[in-house]
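Chemist: Show me how the following folds:
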Amino acid sequence: MDQNTILELIETNQIDEALSSDLVQTLTILSKTSFENISQEDVQNVLQVIVTKLKEENKSHTELLVTVIRQMSKNVDYTIPVTNIIVVIEQLKSQNKQTQFTILEVINGADNLIAEATIIADKIIPILLEIIDSEVFYEDEVSLAAIELLGSLTAYSLPQSFLNALEIAEIMDNAAITAARNAPSYSSEDRAKLLQKITDNLDITSGKTHANLLMATVMLIEEDHPQLFDRFKKVSGNNKAKILRQLQDVSSFLPIHESILLYSINDTHEQVIKYADKILDAQGKNPHKKHCEEVKTWGEFRDFVQKILKDRRDIYKKSLVDYLKSVLSTLSNYKGKELRICDAARILQDSFSCAPLAYSKDWKDLPEAEENTYEELENLLKQQVVDLEQLKKSGLLNDVGEDGVEAESGNFWQNTDLFIYLELGINGHEQSNITICRWDDISNIFLMGSISE
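Modeler: Prediction:
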């Protein structure tokens, strides 16, 4: 038997006999046959015949069957009988990754999938959940295909088997991933059911939370849900980072609550800040990372910083000393570089989301640095951190008053509120068209911020 023979059998409606006579040989030739000159109706007829061969007695040939079906179905509609869908899905776990993906692709392409969902869902959902890899689902084609299939099975109603999966330790993460991924397609009623089920099985304060369950919670809750922040704030830093890492991978096609992200860029956990920052950047919604390169003069710098302060005032809750530690961390990226005014703008803006540099007792005794250098600015910032830590320890930090206060170093402090400090630090540049930036210019921002009235 060759390709010409196969084509003749197709045209004379005898392909079923050939498949029954020698399934493997017929399928092998079909897999290599071009159907360009065969009518769509004939191809569809052959395809429906092959689909019926997806049964228990042919399970050793499943890989070949689904490969041929996928090849023939590219431009043809087809349906798969319920019994055949169940049989082939039950074989999933015993197949290699490539065959698993082909099976799922073939099932996902069936026209009758959603119509038959209520009949097949409870039988195949547990199997589909088991093959999802929760650690790398966002880059694993089998996991993504399984999630897509689960989305079709749960889009119009939530089968009990899916809700039950949120109670089973081995697959609850995978059920949560599926719920998060398909969240936009669920009705409000089904969202409420999923949220209730997750809440019933998740004690956020226990420290044993599943990050994927939390991710599902974040995705399913409406923006103005009163419990949104209460749930998210109680999560450990590592779990928040894991959630945001996964949200970053789905952020291009899932609507992520901006309020969650704005809250997260004020976290103390470096990875939480990192992923929240990346998502906001990708969405063009990062309130303190806009148009840096356009800042060419000191007048433009002042306008830019005022916009940052306006955006950040209500959501940045850290102290001045924490911000200065973040400035020290950000500043290290510019050591040895030729400064531009846009770099000064970027240093101030990035420090709102950069993890702070750890405090060191060595900062109390710093060597003298050469004027107008990176080192002089670094020393100034470290000394200011030391001053503020000592003022806090002595109880004077919150009692500065109109007359200011003197730190143990002899430095005078008039402002210890971050936003007043920065607002006064940038004064004097209102109409400046100067485009030159020196280390002294940046140092003066921090010095004048501390002493200006």
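Chemist: When you work out contacts or count neighbours from here on, use the C-alpha atoms and nothing else.
Modeler: Noted.
Chemist: from the chain's centre, how far out does stretch 410-417 sit?
Modeler: From the chain centre to the centre of stretch 410-417 is a distance of 41 Å (CA atoms, centre = their mean, to the nearest Å).
Chemist: ok, now stretch 32-52?
Modeler: Centre-to-centre, stretch 32-52 and its host chain are 42 Å apart (CA atoms, centre = their mean).
Chemist: Stretch 152-166 now?
Modeler: The answer for stretch 152-166 is 24 Å, by CA atoms, centre = their mean.
Chemist: Between the two ends of it, what distance do you get?
Modeler: Chord length of stretch 152-166, first to last residue, is 18 Å (CA to CA, to the nearest Å).
Chemist: Just the buried positions in the lengthiest helix in the chain, please.
Modeler: Taking DSSP state H as the criterion, the chain has its longest helix at helix 374-393. Neighbour-count burial for helix 374-393 flags 374-391 (criterion: 16 or more other CA atoms under 10 Å).
Chemist: Then stretch 9-16?
Modeler: Buried residues in stretch 9-16, counted by 16+ other CA under 10 Å: 9-10, 15-16.
Chemist: same question, stretch 25-37
Modeler: In stretch 25-37, counting by 16+ other CA under 10 Å, buried: 26-27, 29-31, 33.
Chemist: Leu324: which of the residues you listed is nearest?
Modeler: The closest of the buried residues of stretch 25-37 to Leu324 turns out to be Ser31 (CA to CA; 65.9 Å).
Chemist: Find the nearest non-adjacent residue to the closest one, please.
Modeler: Excluding the flanking residues, the one nearest Ser31 by CA to CA, 6 or more residues apart in numbering is Val68, at 5.2 Å.
Chemist: residue contacts, the one you found?
Modeler: By CA atoms under 8 Å, 6 or more residues apart in numbering, the residues touching Val68 are 27, 30-31.
Chemist: Kindly report the same for Ser264.
Modeler: Neighbours of Ser264 in contact, by CA under 8 Å, 6+ apart: 272-273, 276.
Chemist: Among those, name the buried ones.
Modeler: Buried among the contacts of Ser264 (16+ other CA under 10 Å): 272-273, 276.
Chemist: Could you tell me which of the residues you listed belong to strands?
Modeler: Among those, no member falls in strands (criterion: DSSP state E).
Chemist: Save the residues you listed as JSON lines, and put in distance to Asp314 and pLDDT too.
Modeler: Formatted as JSON lines, the buried ones among the contacts of Ser264 follow (distance: CA to CA, whole Å; pLDDT from 0 to 100):
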{"residue": "Val272", "distance to Asp314": "19", "pLDDT": "79"}
{"residue": "Ile273", "distance to Asp314": "17", "pLDDT": "77"}
{"residue": "Ala276", "distance to Asp314": "17", "pLDDT": "80"}
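Chemist: of all the contacts of Val68, which comes closest to Leu54?
Modeler: Set against Leu54, the nearest of the contacts of Val68 by CA to CA is Leu27 (12.4 Å).
Chemist: How confident was the prediction at Ile434?
Modeler: At Ile434, the model reports a pLDDT of 91.
Chemist: Spit out the contact partners of it.
Modeler: Applying CA under 8 Å, 6+ apart, we find Ile434 in contact with 297-299.
Chemist: And what about it, helix, strand or coil?
Modeler: coil (DSSP: H, G, I helix; E, B strand; the rest coil).
Chemist: Would you mind naming the helix or strand containing Lys197?
Modeler: helix 188-200 (DSSP states H and E).
Chemist: Name the residues of that helix that are buried.
Modeler: Buried residues in helix 188-200 (16+ other CA under 10 Å): 190-191, 194-195, 197-198.
Chemist: Out of those, which two sit at the greatest distance?
Modeler: Taking CA to CA, no two of those sit farther apart than Asp190 and Ile198, at 12.3 Å.
Chemist: correct me, but Leu397 touches Leu388?
Modeler: Yes - assessed by CA atoms under 8 Å, Leu397 is found in contact with Leu388 at 6.9 Å.
Chemist: list the residues that contact both of those two?
Modeler: Thr416.
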